[in-house]
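Undergrad: Sequence first, predicted model second:
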Amino acid sequence: MFARFASRVTAAVVASVVAFGAVGCVTNEEGLVPVLPEIDVQRVAAIADQLPPAIADSGELRIGTNPPYAPNEFKDETGAIVGFDVDLMEAVGAVLGLTLDLKQTDFDKIIPAVQAGTLDVGMSSFTDTLEREKSVDFVTYYSAGVQWAQRAGDDIDPDDACGLRVGVQTTTIEDIDEVPAKSAACVAAGKPPIRKIKYDSQDDVANALILGRVDALSADSPVTSYAIKRSDGRIVPAGGVYDASPYGWVVAKGSPLAPVLQQAVQYLIDGGQYRAIAEAWGVEAGMIDTSVVNGATN
């Protein structure tokens with residue numbers, strides 16, 4: 001199979017910032033879809049021939065994803081699901097001779113659907129953790145840290161945010177691990193806990209910060225950087241990037257699909273297509289040299 005990731009020709013090609021208007025809102029369903037370089041990827045028989053027969057026979061990968069979480073997976077102005085994750089998975093699909101069947105799915109339902117076999121892969125900026133590895137396997141493809149943001153002019157220290165309202169997207173690593181750990185440290189020090197405010201989408205988190213409904217937000221570093229870039233100066237970083245961990249695509253525990261995806265990612269890393277896609281999206285800071293199955297360290 002021959003696949004070429006041709007340049008997109010849409011109104012979203014030009015980097016833009018959504019007008020904030022009276023309510024000051026931002027949506028990741030518009031703007032900032034880069035023009036990709038032409039990237040040629042052919043089917044690699046030595047890898048594709050290892051696919052599980054059911055997937056090979058179907059000719060497609062059923063993939064669950066939860067936009068908006070730009071720049072990794074979100075919708076462009078036509079309603080198509082786009083992003084760094086999507087472009088990289090399209091390249092993997094080309095290596096395997098498969099097309100992608102992207103299914104928009106609630107974030108917290110993706111892993112159960114993979115476990116149940118109704119999805120082949122979960123692709124939604126999942127952090128690979130030891131706890132999650134107990135129930136599913138991960139194929140790593142990126143390294144992301146945690147990055148907080150604040151309104152311009154504020155002075156918030158993520159390591160001393162006791163008593164503040166912090167926005168997170170529900171069921172993300174910031175929701176289930178990072179902010180609760182910081183809050184517990186506050187309580188242990190005799191200070192008030194962090195007031196974690198959960199939202200269903202990252203758009204809602206960014207809007208809440210802009211509108212003053214929360215004092216800060218916490219998200220994965222590429223996501224926070226993207227929100228800052230599109231905020232027209234209204235929000236800025238709060239502290240540095242820390243706690244880098246691998247992103248991984250989710251597959252069923254023990255599935256033979258995992259090593260096939262890993263080999264496909266590594267093929268793209270070694271061939272330079274991976275770098276070209278990452279640089280087009282401006283996320284090269286988190287590139288990895290080696291993809292593995294289950295790379296969690298904590």
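TA: Yep, it's here. Numbers count the residues shown, from 1 in each chain.
Undergrad: Which other helices and strands does the helix or strand harbouring residue 280 contact?
TA: Using DSSP states H and E, residue 280 maps to helix 273-281. If you count contacts as 3 or more CB pairs under 8 Å, 6 or more residues apart in numbering; DSSP states H and E, helix 273-281 packs onto helix 84-96, helix 257-271. (Each C-beta comes from the backbone N, C-alpha and C, glycine too.)
Undergrad: try it again with 6 Å
TA: Contact analysis of helix 273-281 by 3 or more CB pairs under 6 Å, 6 or more residues apart in numbering; DSSP states H and E lists helix 84-96 as its packing neighbours.
Undergrad: Okay, angle between the next helix or strand after the helix it packs on and helix 84-96 too, please.
TA: Counting by DSSP H and E, the element after helix 84-96 in chain order, helix or strand, is strand 99-104. Using axes from the mean of the first three to the mean of the last three CA atoms, to 10 degrees, the inter-axis angle of strand 99-104 relative to helix 84-96 is 150 degrees.
Undergrad: List the buried residues of the helix holding residue 280.
TA: Buried residues in helix 273-281, counted by 16 or more other CB atoms under 10 Å: 273, 274, 276, 277, 278, 280, 281.
Undergrad: Please name the residues that touch the third one.
TA: Think residue 276. By CB atoms under 6 Å, 6 or more residues apart in numbering, residue 276 lies in contact with 37, 39.
Undergrad: Kindly recompute the last result at 10 Å.
TA: By CB atoms under 10 Å, 6 or more residues apart in numbering, the contact set of residue 276 is 5, 36, 37, 38, 39, 87, 91, 268, 284.
Undergrad: Got phi/psi on the second one?
TA: Its backbone dihedrals place residue 36 at phi -80, psi 150, with angles given as degrees, to the nearest 10.
Undergrad: State the distance from it to residue 276.
TA: According to CB to CB, to the nearest Å, residue 36 and residue 276 sit 8 Å apart.
Undergrad: Kindly report the same for residue 138.
TA: Distance, residue 138 to residue 276, using CB to CB: 24 Å.
Undergrad: same deal with residue 255?
TA: Distance of residue 255 to residue 276, given as CB to CB: 28 Å.
Undergrad: Mind pulling up the pLDDT for the closest residue to residue 266 other than its chain neighbours?
TA: For residue 266, ignoring the flanking residues on the chain, the nearest one in space by CB to CB, 6 or more residues apart in numbering is residue 291 at 4.9 Å. Note on residue 291: pLDDT of 98.
Undergrad: swap in residue 8?
TA: 29.
Undergrad: quick revisit: okay, now the residue nearest to residue 266: neighbour count?
TA: Here the number of neighbours of residue 291 (other CB atoms under 10 Å) works out to 23.
Undergrad: can I assume it is in contact with residue 268?
TA: Yes: here residue 291 reaches residue 268: they are 8.9 Å apart, a contact under CB atoms under 10 Å.
Undergrad: intersection of neighbour lists for the two?
TA: Listed contacts common to residue 291 and residue 268 are 141, 274; contacts here mean CB under 10 Å, 6+ apart.
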